[in-house]
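**Q** kindly generate the corresponding structure for this input.
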Amino acid sequence: MTRATFPVPALAVALLIAAFLPQRAGAAGSKAAPEFSLTVQDLQAMTAALPKTAQDRIVAGQAEFLHLLAQVLDAPADLLVLVDKTHPLAPDYVPPDLVKLTGYPLAVSRTDLELRGSIMTAVLDMAAAARSAGAALLFSSSYRSYDYQKSVYEREVKMYGQAAADRESARPGASQHQLGTVVDFGSITDSFADTKAGRWLAAHAGEFGFSLSYPRGYEELTGYRWESWHYRFITRPAARMQKEFFDDVQQLMLVFLHDNRAALEAKRLPAR
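**A** Modelled structure (predicted):
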């Protein structure tokens with residue numbers, strides 16, 4: 001075999017450059033980010049059920065995605081629990097820190113409205129920012145107990161029939177409102193989207209950790225028709241992650257976390 005005539009100094013430089021180049025995205029066994037002992041293949045498997053647009057963004061921006069994901073996993077898990085038609089809450093679930101909104105400088109439609117105390121800083125910050133922008137927020141519905149949601153659902157069925165009710169009213173246990181982290185704003189009608197408050201929330205709610213739960217065109221995925229007034233607090237890192245990596249669809253992100261949280265926690269590395 002003929003010995004290569006590659007000059008030694010040039011070889012040394014080439015090896016040095018190679019050591020600092022990022023590994024090819026599909027390289028077997030390459031670690032995706034320093035926060036997790038995940039390979040690119042692990043990440044691809046975890047995202048296989050997502051739309052291709054979301055898969056491509058996550059794999060292409062894996063380091064940023066996993067850095068955000070680590071922050072999301074640091075938040076209390078109950079702020080990001082999946083609640084929908086197939087993942088209901090227990091009838092006796094009541095958030096531990098409910099507070100009445102009448103104790104705060106907020107515009108409310110009823111005096112019995114409550115939210116979790118742990119999210120009130122974000123709520124107040126968002127309301128103040130909206131007010132400064134001339135888009136004052138009216139809080140029209142918030143925490144609902146299992147029994148209260150039961151009465152709401154039964155009323156909707158009686159008025160519109162079960163098929164129509166199931167498109168816009170959750171059965172008891174399946175309502176995000178039971179979490180105490182959801183607000184219905186304004187008129188609670190489609191016309192809310194075209195109000196100053198509706199437009200402001202659509203543009204800025206994520207900056208305060210809130211996310212539209214039921215966007216237009218995703219009824220097959222979420223189980224509910226578009227609700228321009230229904231926002232859930234999911235934390236600022238999660239709202240950013242949703243926008244940048246999950247096509248800005250809350251349900252996609254929550255299902256991903258529900259399906260992969262245990263595996264992700266098991267593969268987290270200690271902070272250096």
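**Q** what's the least confident helix or strand in this structure, going by average pLDDT?
**A** Sorting the helices and strands of the chain by mean pLDDT, DSSP states H and E puts helix 8-20 at the bottom, at a mean of 38.
**Q** any low-confidence regions in the stretch 151-272 of the chain?
**A** Within the stretch 151-272 of the chain, the ranges that satisfy pLDDT under 70 run 272.
**Q** and the residue lying closest to E244 once chain neighbours are set aside, how far from Q250?
**A** Of all residues not flanking E244 in the chain, R57 sits nearest, at 7.1 Å (C-beta to C-beta, 6 or more residues apart in numbering). Any C-beta I mention is one placed from the backbone N, CA and C, and that applies to glycine too. Look at R57 and Q250: by C-beta to C-beta, to the nearest Å, they are 16 Å apart.
**Q** and what of V157?
**A** V157 is 26 Å from Q250, by C-beta to C-beta.
**Q** returning to what we had before: between R57 and Q250, who's got more neighbours?
**A** More crowded of R57 and Q250, by other C-beta atoms under 10 Å: Q250, with 24 against 19.
**Q** now that one. Nearest residue, chain neighbours left out?
**A** Counting by C-beta to C-beta, 6+ apart, the nearest residue to Q250 once its immediate chain neighbours are dropped is S211, at 4.7 Å.
**Q** which strands or helices does the helix or strand harbouring that neighbour pack on?
**A** Assigned by DSSP states H and E, S211 belongs to strand 210-212. Applying 3 or more C-beta pairs under 8 Å, 6 or more residues apart in numbering; DSSP states H and E, one finds that strand 210-212 contacts helix 196-204, strand 230-233, helix 236-245.
**Q** that older thread, F245 is in contact with the residue nearest to E244, correct?
**A** Yes: assessed by C-beta atoms under 8 Å, R57 is found in contact with F245 at 5.1 Å.
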